[in-house]
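>>> generate a structure from the sequence data that follows.
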Amino acid sequence: MGTAILDRLLVHCILFLIVSLLLIPSACAAARHTNTTVDCLPSDRSSLLDIIHGVSFGMGIEIHDYPKARGPPVSWKPGSNCCGWEGVTCDPKSGHVSGLDLSQRGINGKLSASLFNLTSLRTLDLSGNFFQGDFPQVGFENLTQLTRLDLSLAGFSGQIPVGISLLTNLISLDLSVAMVIYSPDGLYMEGYYLSNYSQLCHPSFRTLVGNLSNLRDLRLDGVDMSSNLDWGSALSTSMPHLQVLGLSDCNLPGKAVLLYLISFIFKHYFLIYYIVYIFGVAGLLPTDILTSHANLTLLDLTMNPMLSGNLPDFPSNNALQSLSFFGMNLSGNIPDSISNLKHLTTLGFYEFGLTGMIPSSIGNLTQLTYLDLSENNFTGITNSMVS
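As a prediction, the model looks like this:
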């Protein structure tokens, strides 16, 4: 009796094993179907094809260390699934195009207005191209879901579109038309590239950033801001989460530095990087930048010949890793408190006009890997200074 029961149990186990093995291929097929790239919407595919229709793809921007042009996106073919195209990302549920990267393609031609039909875009990168004409003044306001927008060195000129000021979800915005090319150590300016002329006038800088409360990264290098007398005040009252700021060669009005920059610095305690390459600003160097930013790791105020004053006393509570001041009109001594910058790896006080003795305390910067104090007016070197 017991043997019969065992036999039946064995038969059931064998049958269960066979059925399980038969079901495995079906389960795998279902899994493969689930992971298949979503089909894009025909309307989005049509808009994408309009963007590359009638434009040419050339060599791209040929400047030192700038990535070479990638050429045309060969996978962009009518009738195919645009969610699988180069540079295209789709929402896995809706199939809408949510990301578009056409950077460094060497595109030469007009930007199609069909771009602004892609209203589900969250990231858009058109940098490193040669789009012709002014920035489109109408259309960006439709892309309300954008979190990242990069139009740097894209070839556009003229007035920054007011519609960008309405993109309240933006985390990163780069509208730079200029690029400063540095030496590998990051201290010497080896070249300068200006893709075109653009300006902030209508809208003003205040209008552009007033509603962009989520911005972490803002770069406007080369954009003419000379008419924005209150740019510093606008900084101090907007973009509370800003971490990276690039305002190289922006023709910033000098008075704003004295009246408003300090207010901005005191308010933004959480800055990770404070990058302001302000060419030609008239005014004193704000000496409390470091004391108000304990989390600052990189500070670069290079090529500001109109910035004058003395180096500040360096606070002990800091996270600075790179400090680069060159081509400025500073004077006085290097303070002994330079030794407080214990995390510093790069220090460049090049072409300043600094005087006096180089303090021996600079030898306490044990993490330092690059040091440049050339083109100053030092009177001597202490024996204990690092070589």
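
>>> tally of neighbours for Ser56?
For Ser56, the count of nearby residues is 11 (other Cβ atoms under 10 Å). Using the backbone N, CA and C atoms, a C-beta is placed for each residue, glycine as well.

>>> phi, psi of the residue lying closest to it once chain neighbours are set aside?
The shortest distance from Ser56 to any non-neighbouring residue, by Cβ to Cβ, 6 or more residues apart in numbering, is to Asn108 (4.8 Å). Backbone torsions for Asn108, taken as degrees, to the nearest 10, come to phi -130, psi 120.

>>> and the closest residue to Pro359 other than its chain neighbours, how far from Ile358?
Of all residues not flanking Pro359 in the chain, Asp336 sits nearest, at 4.9 Å (Cβ to Cβ, 6+ apart). According to Cβ to Cβ, to the nearest Å, Asp336 and Ile358 sit 11 Å apart.

>>> the more surrounded of these two?
Ile358 (21 against 14).

>>> state the distance from the more buried one to Tyr370.
Distance from Ile358 to Tyr370, by Cβ to Cβ: 16 Å.

>>> quick one: the helices in the stretch 1-150 of the chain, in order.
2-35, 42-52 (DSSP state H, counting those that start in this stretch).

>>> worst mean pLDDT among these?
Per-stretch mean pLDDT for the helices of the stretch 1-150 of the chain is lowest at helix 2-35 (a mean of 50).

>>> so the residue nearest to Pro359 makes contact with Ser361?
Yes. Contact criterion Cβ atoms under 8 Å: Asp336 and Ser361 qualify, at 4.7 Å.

>>> where along the stretch 101-250 of the chain do the strands fall?
107-109, 123-125, 130-131, 148-150, 158-159, 172-174, 178-182, 189-194, 198-199, 217-219, 244-246 (DSSP state E, counting those that start in this stretch).

>>> ok, now how distant is Leu344 from Gln321?
In terms of Cβ to Cβ, Leu344 sits 6 Å off from Gln321.

>>> show me whatever sits in contact with both of these two.
Gln367 (Cβ atoms under 8 Å, 6 or more residues apart in numbering).

>>> quick one: pLDDT of the spatially closest residue to Trp76 that is not a sequence neighbour?
Once flanking residues are discounted, Trp76 sits nearest to Trp85: 5.2 Å by Cβ to Cβ, 6+ apart. If you check Trp85, the pLDDT there is 96.

>>> swap in Met357?
89.

>>> that one contacts Leu373, correct?
No. Counting by Cβ under 8 Å, Met357 sits too far from Leu373 to count as a contact (11.5 Å).

>>> neighbour count winner among these two?
Shown here are Met357 and Leu373; by other Cβ under 10 Å, Leu373 has more neighbours (17 against 13).

>>> now for the spatially closest residue to the more buried one that is not a sequence neighbour, how many residues are close by?
Among residues not flanking Leu373 along the chain, Phe349 sits closest, at 5.3 Å (Cβ to Cβ, 6+ apart). For Phe349, the count of nearby residues is 24 (other Cβ under 10 Å).

>>> what residues are bridge-paired with Phe349?
Phe325 (DSSP bridges).
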